[in-house]
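Fold the following for me, if possible:
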Amino acid sequence: MIEHADAAIEKYRGFELAYRLLKDDNLAYLREKSRAYKKAVRELQELILPAVKAECPQCEYGTCCRLYSSKLKIYIARSIGGFDFEDFLLARCDSKFPEPDLTNRARNFCAFWDNGCRLDAGCRSLLCLGFFCEPLQNRLEMDEVNRKLAVVQDVVENFSLLRLFHNE
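Numbers count the residues shown, from 1 in each chain. You can find the predicted model right below:
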């Protein structure tokens, strides 16, 4: 488990370094796509957060933000926060992320968890946005959730790293 957390930390630090090295010419494209990502994420969050606030505090698992549980394995070793490179760049652009709490790994939690997600609602990873436990699925209109989630996925899938790094 610790080795997976270490790999996730290393990936996250690499993502952050790559973001900080972007030049202004590259940032215009990223900002355009980031605005679309954050708008789509916020629209999805507006739909799901009432159910999250109602269901999650009473959840028998404690939180789905665990790195590992014998009953629940959502958080896999991607990077901290469950990000892939593309959704990290889209979420991180022009946003300040809180400092990851690396001591959380000893408690089996995401580095952005502290009685809820510390990331802005528009800055969540696609992995986290796409997970709905059965109780949440029962509270939500999943057809509408899936339509909103598809918009977020479409932004990520149509984000071109080649265009970002080659100033096209």
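
Following element in sequence after the helix or strand containing R147, please.
R147 is part of helix 142-157, with elements assigned from DSSP states H and E. Toward the C-terminus, helix 142-157 is succeeded by helix 161-166 as the next helix or strand (DSSP H and E).

Tell me which residues of that next one come out buried.
For helix 161-166, burial by neighbour count (16 or more other C-beta atoms under 10 Å) applies to L164. Where you see a C-beta, it was placed from the backbone N, CA and C, and this is true even at glycine.

elements contacting that helix?
helix 24-55, helix 85-92 (3 or more C-beta pairs under 8 Å, 6 or more residues apart in numbering; DSSP states H and E).

any idea how far that helix is from the chain center?
Distance, stretch centre to chain centre, for helix 161-166: 22 Å (C-alpha atoms, centre = their mean, to the nearest Å).

what mean pLDDT does it have?
Mean pLDDT, computed over helix 161-166, is 90.

cool, and stretch 100-111?
For stretch 100-111, the per-residue pLDDT averages 82.

Buried residues of that stretch, list them for me.
Under 16+ other C-beta under 10 Å, the buried positions of stretch 100-111 are 100-101, 104-105, 108-111.

nearest to R118, of the helices and strands packed on helix 161-166?
helix 85-92 (13.0 Å; C-beta to C-beta).

By mean pLDDT, point me to the weakest helix or strand of the chain.
Least confident helix or strand of the chain, by mean pLDDT, DSSP states H and E, is helix 2-20 with a mean of 85.
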